[in-house]
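Below is the sequence, then the predicted model.
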Amino acid sequence: MATLADVARRAGVSPATASRIINGSSKPVTDALRERVLAAVEELQYVPNAHAQLLARSHRTAIGVIVHDVSDPYFAEITRGLQRVATAHGRLVIICNSYRDPVKELEYVELLRAHQVAAIVLAGSGYHDEDFTKALDGKLRVYESTGGRVAVIGRHEHAGDAVVPANEMGGYLMATELYALGHDRIGVIAGPKQLTTTTDRLSGLRRAAREHGHKLPARRIAYADFDRGSGAAAAAALLDAEPELTALAALNDSMAIGAMALLRSRGIAVPDEMSVVGFDDMPIARDVTPALTTVRLPLADMGARAMTLALQEPADHTGPRIEEVGAELIRRDSAGAPRP
């Protein structure tokens, strides 16, 4: 692999001159000299050493993003928004999958700090784990003290810039829709218990139940892993325990689609015999049959806004910038009135 010294020898210039031309230094050089160096770069297929460039620059360029799982459509959409803004600013994005492992998140913060990234974006939910949240907050504060910037998506214990989706309101909207249609026996397919996102969405469902004079008993809540397979398993468990349920409220679209597949395998028609409502409005929600009624969060926009916060210095230092993102009910074909 060619080195900078090889390029300099081929062009007949000093390594310092070759470096200035390759890296676009403002120091003037003749056109003939520039052409010689660039011709040598082309002939030798020289690629600059990114680590050496990082050390030589006075500012950091890469952005670290920690997600639970980028293959999850929720995080794929958020990442699309993050990368759109980063690309527009000429930034490299380093994606780290934690797979909902708190220890792995702590390790990634340290790793990204070691790589001297300009900012870290936490795109996954916070955890109900006091020891973990204290450790994470401490590591992020140390990173910020060295000039790094932090932005989070969702409810975290770190006091900093954040994009906060209306998860509680979204849960309220989905339950209110089912109660308005006449359902009073609703099963809930929830996400992992330890995530703040799950807690917030469940809180919204419970608020709607209280307002409509109903209860949401624990036996009608099945916890799953925010994926299709666990959504199907949770739906099966709920229906086996209470066959008289008339609706399923899944706290993300992947689990709702899994529930619909389970219902189809049992010959239960949606929505004639069972209504299903999801959450997030992933792109596939409109393409399944029947199309999925769901709560929409602007996922790509959430990612774009988080990256913007990470890249832009605040106009003042009066406190963290909190951007709240609204939720909207999208009515499609998977929810209807229960049979008399």
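Nice, I can see it.

all contacts plus neighbour counts: C-alpha atoms, from now on.
OK.

how near is residue 104 to residue 68?
10 Å (Cα to Cα, to the nearest Å).

Neighbour count: these two, which is higher?
The residue with more neighbours, out of residue 104 and residue 68, is residue 68; 21 against 16, by other Cα atoms under 10 Å.

pLDDT value on the more buried one, please?
With respect to pLDDT, residue 68 has a value of 94.

mind listing what it touches?
Going by Cα atoms under 8 Å, 6 or more residues apart in numbering, residue 68 touches 75, 97, 98, 99, 100, 123, 124.

Give me the phi and psi for it.
phi -70, psi -40 (degrees, to the nearest 10).

What confidence value was assigned to residue 264?
At residue 264, pLDDT is 97.

re the thing from before, list buried members of the contacts of residue 68 by neighbour count.
By neighbour count, with 16 or more other Cα atoms under 10 Å, the contacts of residue 68 hold 75, 97, 98, 100, 123, 124 as buried.

can you tell me how far the second one sits from residue 64?
If you measure residue 97 against residue 64 using Cα to Cα, the figure is 11 Å.

Kindly report the same for the first one.
Spatial separation of residue 75 from residue 64 under the definition Cα to Cα is 14 Å.

just the last one next, same as before
Between residue 124 and residue 64 the computed distance is 13 Å (Cα to Cα).

so where is the stretch 201-340 of the chain shaky, pLDDT-wise?
Along the stretch 201-340 of the chain, segments meeting pLDDT under 70 span 315-317.

those strands in the stretch 1-150 of the chain, which residues are they?
Assigned by DSSP state E, counting those that start in this stretch, the stretch 1-150 of the chain shows strands spanning 63-67, 93-97, 119-122, 149-153.

Reformat these as TSV; add distance to residue 209.
Shown next, in TSV, are the strands of the stretch 1-150 of the chain (distance: least, Cα to Cα, whole Å):
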stretch	distance to residue 209
strand 63-67	32
strand 93-97	36
strand 119-122	32
strand 149-153	27
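
Now for residue 104 and residue 68: what residues contact both?
Residues touching both residue 104 and residue 68 (Cα under 8 Å, 6+ apart) are residue 98.

what sits up against stretch 261-271?
Contacts of stretch 261-271 (Cα under 8 Å, 6+ apart): 232, 233, 235, 236, 260, 274, 276, 290, 333, 334, 335, 336.

Apply 6 Å and report the result again.
By Cα atoms under 6 Å, 6 or more residues apart in numbering, the surrounding residues in contact with stretch 261-271 are 232, 334, 335, 336.

For the first one, give me its contacts.
Right, the one you point to is residue 232. Residues counted as contacts of residue 232 (Cα under 6 Å, 6+ apart) are 258, 259, 262.

which of those tops the neighbour count?
Among the contacts of residue 232, residue 259 has the most neighbours (other Cα under 10 Å), with 28 neighbours.

Can you pull the domain assignment for this protein?
4-56, 63-165+300-325, 167-297 (automatic domain parsing).

Return the most buried member of those domains.
Sort those by mean neighbour count, taking mean count of other Cα atoms under 10 Å, and domain 167-297 sits at the top with a mean of 21.

That domain: how far from the chain's middle?
Computed by Cα atoms, centre = their mean, to the nearest Å, the chain-centroid distance of domain 167-297 equals 21 Å.

And the domains of the chain: which comes nearest residue 340?
Residue 340 lies closest to domain 167-297 among these, at 9.7 Å (Cα to Cα).

Pull up the distance across the closest one, start to finish.
End-to-end span of domain 167-297 (Cα to Cα): 9 Å.

Which ones among the contacts of residue 232 lie within helices?
In this view, the contacts of residue 232 that belong to helices under DSSP state H are 258, 259, 262.

distance of the last one from residue 286?
The spacing between residue 262 and residue 286, counted by Cα to Cα, is 18 Å.

One more: the second one?
Applying Cα to Cα, one obtains 16 Å for the distance of residue 259 from residue 286.

show me what contacts residue 321?
Going by Cα under 6 Å, 6+ apart, residue 321 touches residue 161.

got the contact list for residue 277?
Taking Cα under 6 Å, 6+ apart, one finds 249, 293, 294 in contact with residue 277.

so what's the closest residue to residue 15 other than its chain neighbours scoring on pLDDT?
Nearest non-adjacent residue to residue 15, counting by Cα to Cα, 6 or more residues apart in numbering: residue 8, 5.2 Å away. Note on residue 8: pLDDT of 90.

With residue 52 instead?
Model confidence at residue 52 (pLDDT) stands at 57.

What does residue 300 show for phi and psi?
Per degrees, to the nearest 10, the backbone of residue 300 is at phi -60, psi -40.

Leaving out chain neighbours, which residue sits closest to it?
Per Cα to Cα, 6+ apart, closest to residue 300 is residue 81, 4.2 Å.

and what of residue 85?
In space, residue 85 is closest to residue 304, 5.7 Å off (Cα to Cα, 6+ apart).

and the one you found, what is it in contact with?
Contact analysis of residue 304 by Cα under 6 Å, 6+ apart lists 81, 82, 85.
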